[in-house]
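Asks: have a look; sequence and predicted model below, questions after that.
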Amino acid sequence: MPDAASTVVNQTRQSDEVLDRFRQGDVDAFEVVFREHQRIVYSWILRIVRDPPTAEDLTVETFWRIYRAHARFDPARGFAPWARRVATRAALDYLRTRRRETELTVETPAVAGPEPGIRAEMRSRIAQAMARLPAPLRVAALLALIEEQPHRQIADALGISVAAVKVRVFRAMRFLRKDLERQGIRP
């Protein structure tokens, strides 16, 4: 009876073989990779675009991009970080091209106030200010501040350094603060 360590080694070998076949353009291997990573890619995109139907569409777009770029995949760097980077680019492309009037749904903490209408107005203004952020700043801010993702994971997904993530989050916060102050809201 095989022990746990040999089972893990066998699974790793099988996974490496599938990734090698995928890199060579094997459609069956691509299907295996798709089934294994679809949920993770969808969840990542959903964190960025905050809309399930859009996240579904972008997941398909991401895997189409992955399939077309199979020869550029480097198995030594791992599939998940590469897929997250491709998914982030697809989401950023979407955010850049969608119309400005589309409101971004951002869950913000309830603001203490005497009336629910005032809190709803405050959330709405914050969501509008987030929607006005440039896409690279918005994605970094959403992932760091709303989703509380580690800076390293965000950096890998965006293909930038951890320091660049911190700068983008800082700039996003500064932009949001100025935008809200222009609206008469003191953050």
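Replies: Looks like it came in fine.

Asks: buried set for the host helix or strand of residue 85?
Replies: Using DSSP states H and E, residue 85 sits within helix 79-97. Judged by neighbour count (16 or more other CB atoms under 10 Å), helix 79-97 contains these buried residues: 79, 82-92, 94-95. For the C-beta atoms, the positions are set from N, CA and C on the backbone; glycine is no exception.

Asks: which strands and helices sit next to it?
Replies: helix 27-49, helix 52-68, helix 135-141, helix 151-158 (3 or more CB pairs under 8 Å, 6 or more residues apart in numbering; DSSP states H and E).

Asks: and the next helix or strand past it?
Replies: Per DSSP H and E, the helix or strand that comes after helix 79-97 is helix 116-132.

Asks: and the angle for that next one with helix 79-97?
Replies: Interaxial angle, helix 116-132 versus helix 79-97 (axes from the mean of the first three to the mean of the last three CA atoms, to 10 degrees): 100 degrees.

Asks: any idea which of the helices and strands packed on helix 79-97 gets closest to residue 119?
Replies: When the helices and strands packed on helix 79-97 are compared by CB to CB, helix 135-141 sits nearest residue 119, at 21.0 Å.

Asks: packing partners of the closest one?
Replies: So helix 135-141, by 3+ CB pairs under 8 Å, 6+ apart, packs with helix 79-97, helix 116-132, helix 151-158, helix 162-182.

Asks: will you turn those helices into a markdown table that also has distance to residue 23 and mean pLDDT?
Replies: Output for these, formatted as a markdown table (distance: least, CB to CB, whole Å; pLDDT from 0 to 100):
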| stretch | distance to residue 23 | mean pLDDT |
| --- | --- | --- |
| helix 79-97 | 10 | 90 |
| helix 116-132 | 38 | 78 |
| helix 151-158 | 20 | 88 |
| helix 162-182 | 28 | 91 |
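
Asks: nearest to residue 39, out of these?
Replies: Relative to residue 39, the nearest member of these by CB to CB is helix 79-97, separated by 11.4 Å.
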